[in-house]
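1. No letters, just coordinates:
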């Protein structure tokens, strides 16, 4: 229990941890309420990159989790802040319509040279032409930016290719390494803690992805717990991070923290 004492902030993954696809993990809403009742600060950290933070907050509320947009940490929100703070940024976004709308005013127009290429969720129906346009823009000097580099997405019907595969394709083709905004980027985890004025030594990262959640949390010195729901119940190629504890589901978190 050494690494799991003195916890003040819990960074909870969403898909695979609180819900899997459209199904809430049994006992998850009660576990989140218990954390809040203990005086712990909860932040919801996710690599979901197909919808806006506001839409995610609405989804969580419908699923029985009381939250607000301000408690969500997503790579889409990070991208919006990044481009808003970059003078003259013109973005070619390979992303779903809700994400593109969030970036309205920063998107590169037809024939305009992009300063950044953002690769987000491609399950909306991205085509060869979309990826080829991204390739050409990066080769012309745009910075390659990725919301996340997860390999696998779990949905109700099983596993699907996630954003990471497309990012690696563009890295290979362009010779440029993408700037990653979401997990496992250390800045993704330290940003909400910095906003709270707390250090990672008092934080706990909980998730189902060994590379994104456990590896990312360990990289900043936070304690980590792997849940066996979502992707946590099967081998994850290329992931070597060791969590401080492994539990069947987030419903078991209160018992773990109580010792």
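-> Received the coordinates, thanks. Not measured: the values here are computed from a predicted model.
2. so what's residue 13 closest to, chain neighbours aside?
-> residue 207 (3.3 Å; C-beta to C-beta, 6 or more residues apart in numbering). Yep, even glycine has a C-beta here, placed from its N, CA and C like the rest.
3. Residue 115 versus the one you found, what's the distance?
-> Remark: distance between residue 207 and residue 115 (C-beta to C-beta, to the nearest Å) = 32 Å.
4. Between the two, tell me which one has more neighbours.
-> Between residue 207 and residue 115, counted using other C-beta atoms under 10 Å, the more crowded position is residue 207 (32 against 19).
5. who's in contact with that one?
-> 12-13, 16-17, 45, 183, 213-214, 217, 224, 226-227, 232 (C-beta atoms under 8 Å, 6 or more residues apart in numbering).
6. Can you tell me which of those residues lies closest to residue 82?
-> Taking C-beta to C-beta as the measure, residue 183 is the one of those closest to residue 82, at 15.8 Å.
7. who's in contact with that closest one?
-> 45, 47, 75, 148, 150, 189, 207, 209, 212, 213, 216.
8. In JSON lines, list the residues you listed along with secondary structure and pLDDT.
-> Formatted as JSON lines, the contacts of residue 183 follow (DSSP: H, G, I helix; E, B strand; the rest coil; pLDDT from 0 to 100):
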{"residue": "45", "secondary structure": "strand", "pLDDT": "96"}
{"residue": "47", "secondary structure": "coil", "pLDDT": "92"}
{"residue": "75", "secondary structure": "helix", "pLDDT": "94"}
{"residue": "148", "secondary structure": "coil", "pLDDT": "93"}
{"residue": "150", "secondary structure": "coil", "pLDDT": "86"}
{"residue": "189", "secondary structure": "helix", "pLDDT": "95"}
{"residue": "207", "secondary structure": "strand", "pLDDT": "96"}
{"residue": "209", "secondary structure": "coil", "pLDDT": "92"}
{"residue": "212", "secondary structure": "helix", "pLDDT": "91"}
{"residue": "213", "secondary structure": "helix", "pLDDT": "95"}
{"residue": "216", "secondary structure": "helix", "pLDDT": "95"}
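9. Widest-spaced pair of these?
-> Top of the distance list for the contacts of residue 183 (C-beta to C-beta): 150 and 189, 15.4 Å.
10. Which helix or strand contains the residue lying farthest from the centre of the chain?
-> Using C-alpha atoms, centre = their mean, the residue of the chain lying farthest from its centre is residue 111. It sits 31.6 Å away. Here residue 111, judged by DSSP states H and E, is contained in no helix and no strand.
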